[in-house]
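Participant: no FASTA, just this:
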């Protein structure tokens, strides 16, 4: 580790994720939040924190279309699955932007709608998919990640939020990216992997009984959480790429 990066970590360390009180998890599609941060959300809800799920796209072009459910019917089904899944995790505040799946929206509208929810919910920290993941190719994931990155910086500025997005300012103190290969912040999740998997199983349109895809996903999540847990002397953990209000602006070494 270089001296500059070490100095940054000492001078402006990231607060612990669990030290916040209000958490806004922003997902591109139904089931993304469960995959990227389900165990963490369950732990925070257990602790009595205020947790909100925001799902941006309606998922109408998901795998369920192959089972004969399509378009608006599939979108409606996936919304109900998302609500049931969130309830398993202990999250009862679930919001939907209902934008068309598969980049069927304008990026400006996406950013403005997310901004409005940030202004309404007033989160301390926002979560989104990592927009700098080298392997990510899904436009919805990249667009949501970029929107979260933009708004995490501007959320505290009342003039910018009002003029650019028609939204209220919010005291966002940090941003955390899930589905990342470069985690720098970790939440010890213990036995909550079971809740994460139970929540994923609520998405029957995507993972029907006996789904080999779900089995592979569970294996991946188990291995990743065990690896993170081993590094932090615990049973299991989820990792995030996190920046605070200082390190998310003008300090490139914070992201290396």
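Facilitator: Now that the structure is in, tell me what you want to look at. This one's a predicted model, so the numbers in the text were calculated from it and none came from an experiment.

Participant: where does pLDDT dip in this protein?
Facilitator: Along the chain, the parts satisfying pLDDT under 70 run over 1, 64-66, 256.

Participant: which parts of it are helices?
Facilitator: Counting by DSSP state H, the chain has helices at residues 3-11, 32-46, 71-89, 107-121, 139-154, 158-160, 193-201, 212-231.

Participant: give me the distance between the fifth one and the centre of its chain.
Facilitator: Its chain's average C-alpha position is 11 Å from that of helix 139-154, according to C-alpha atoms, centre = their mean, to the nearest Å.

Participant: cool, the second one as well?
Facilitator: In terms of C-alpha atoms, centre = their mean, the centre of helix 32-46 is found 9 Å from the chain centre.

Participant: list the contacts of that helix.
Facilitator: Residues outside helix 32-46 that contact it (C-beta atoms under 8 Å, 6 or more residues apart in numbering) are 17-18, 23, 25, 27, 51, 53, 55, 85, 89-91, 127, 129, 141, 178-179, 187, 189-190, 192-193, 195-196, 199-200, 203, 217, 221, 225, 236, 238, 240. For glycine as for every other residue, the C-beta is placed from the backbone atoms N, C-alpha and C.

Participant: just the buried ones from those?
Facilitator: Burial by neighbour count, judged by 16 or more other C-beta atoms under 10 Å, picks out 17, 23, 25, 27, 51, 53, 55, 85, 89-91, 127, 129, 141, 178-179, 187, 189-190, 192-193, 195-196, 199-200, 203, 217, 221, 225, 236, 238, 240 from the contacts of helix 32-46.

Participant: count the residues that sit near the residue lying closest to residue 113 once chain neighbours are set aside.
Facilitator: Distances taken as C-beta to C-beta, 6 or more residues apart in numbering put residue 97 closest to residue 113, at 4.8 Å, once the chain neighbours are dropped. Residues within reach of residue 97, counting by other C-beta atoms under 10 Å, total 18.

Participant: likewise for residue 46?
Facilitator: Using other C-beta under 10 Å, residue 46 is surrounded by 13 other residues.

Participant: ditto for residue 231
Facilitator: That count, for residue 231 with other C-beta under 10 Å as the rule, works out to 12.

Participant: residue 224 versus that one, what's the distance?
Facilitator: Computed as C-beta to C-beta, to the nearest Å, the residue 231 to residue 224 distance reads 11 Å.

Participant: repeat that for residue 14.
Facilitator: Applying C-beta to C-beta to residue 14 and residue 224 gives a distance of 20 Å.

Participant: so for the two, which residue has more residues nearby?
Facilitator: More crowded of residue 14 and residue 224, by other C-beta under 10 Å: residue 14, with 18 against 15.

Participant: show me what contacts the nearest residue to the more buried one once chain neighbours are set aside?
Facilitator: Excluding its sequence neighbours, the residue lying closest to residue 14 (C-beta to C-beta, 6+ apart) is residue 242, at 5.1 Å. Listed by C-beta under 8 Å, 6+ apart, the contact set of residue 242 reads 14, 17, 174, 175, 176, 177, 184, 185.

Participant: which strand residues bridge the last one?
Facilitator: Which is residue 185. residue 240 (DSSP bridges).

Participant: rewinding a little: closest one of the contacts of residue 242 to residue 75?
Facilitator: Among the contacts of residue 242, residue 177 lies closest to residue 75 (C-beta to C-beta), at 26.1 Å.

Participant: which residues does the closest residue to residue 24 other than its chain neighbours contact?
Facilitator: In space, and not counting its chain neighbours, residue 24 is closest to residue 123: 3.7 Å by C-beta to C-beta, 6+ apart. Going by C-beta under 8 Å, 6+ apart, residue 123 touches 22, 23, 24, 52, 170, 172.

Participant: try residue 226
Facilitator: 235, 236.

Participant: do the same with residue 205
Facilitator: Here residue 205 is in contact with 62, 63, 64, 67, 69, 74, 77, 78, 81 (C-beta under 8 Å, 6+ apart).

Participant: which one of these is nearest residue 118?
Facilitator: Distance to residue 118 across the contacts of residue 205 (C-beta to C-beta) is lowest for residue 78, with 23.3 Å.
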